[in-house]
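> Could you work out the structure for the sequence below:
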Amino acid sequence: MTKTEHRAEKLTNALRRAGVRITRQRAALLSVLAAADDHPEAVELHRRAEAAVPGISLSTVYRTLTELENQGVILRHQFEGTPARFEHSETRHHDHIIDVETGEVVEFANERIEALQAEIAEALGYEIVHHRLELYVRKKVAR
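Below you'll find the predicted structure:
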């Protein structure tokens, strides 16, 4: 089973557990979402699913994404100044760089940053339960 097939099965099972019927339109959305390795917005997911199966409504996309988030199989990211974006919850911990001019989202992981965050929390008498790091950037202009 491919990674995309595994994801599609996981998403489908999550909706079934929630009592949501898997229609042809929802199946198309789940297939598109399973194949996504970027951080698509709901409107972009709708566009991709609509190309595969015309007739899917944007409200179906939003309701389905909300239920998948409630089931814990996708993550919603609300980056500053942009619509919510979605990604699979199975990914390893990572942080995000958001290009403020293009909207591009780049994932990164850095052990030094992770260690420094843990060190700071420890020094203040805390342990990290969850964290999110977002860097808002723009490309440097060559001088």
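> pLDDT of the longest helix belonging to the chain, averaged?
Among the segments of the chain that qualify as a helix by DSSP state H, the longest is helix 3-17. Mean pLDDT, helix 3-17: 93.
> Could you chop the chain up by domain?
3-88, 95-137 (automatic domain parsing).
> Quick check: which of these is buried the most?
domain 3-88 (a mean of 16; mean count of other CB atoms under 10 Å). C-beta: built from backbone N, CA, C; applies to glycine.
> Compute the first-to-last residue distance for that domain.
Using CA to CA, to the nearest Å, the span of domain 3-88 from its first residue to its last is 11 Å.
> can you give me how far that domain is from the chain middle?
Offset of domain 3-88 from its chain centre (CA atoms, centre = their mean, to the nearest Å): 10 Å.
> picking that back up, just send the domains of the chain back as a markdown table, with distance to residue 143 too.
What follows is the domains of the chain, written out as a markdown table (distance: least, CB to CB, whole Å):
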| stretch | distance to residue 143 |
| --- | --- |
| domain 3-88 | 27 |
| domain 95-137 | 17 |
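> Spatially central residue in this structure, please.
The structure's the chain has its C-alpha centroid closest to residue 87; by CA atoms, centre = their mean the separation is 1.8 Å.
> in what helix or strand does that residue lie?
Using DSSP states H and E, residue 87 maps to strand 85-88.
> Can I get stretch 40-53 as PDB, trimmed to CA atoms?
Extracted in PDB, the C-alpha atoms of stretch 40-53 (Å, rounded to 0.1, in the frame of the first residue of the first chain):
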ATOM      1  CA  PRO A  40      -3.500  23.500   0.900                       C
ATOM      2  CA  GLU A  41      -6.300  25.800   1.800                       C
ATOM      3  CA  ALA A  42      -9.900  24.600   1.700                       C
ATOM      4  CA  VAL A  43     -10.500  26.500  -1.500                       C
ATOM      5  CA  GLU A  44      -7.500  24.800  -3.200                       C
ATOM      6  CA  LEU A  45      -8.700  21.400  -2.000                       C
ATOM      7  CA  HIS A  46     -12.100  22.200  -3.400                       C
ATOM      8  CA  ARG A  47     -10.500  23.100  -6.800                       C
ATOM      9  CA  ARG A  48      -8.500  19.900  -6.900                       C
ATOM     10  CA  ALA A  49     -11.500  17.700  -5.900                       C
ATOM     11  CA  GLU A  50     -13.800  19.500  -8.300                       C
ATOM     12  CA  ALA A  51     -11.400  18.700 -11.200                       C
ATOM     13  CA  ALA A  52     -11.800  15.000 -10.300                       C
ATOM     14  CA  VAL A  53     -15.500  14.900  -9.500                       C
END
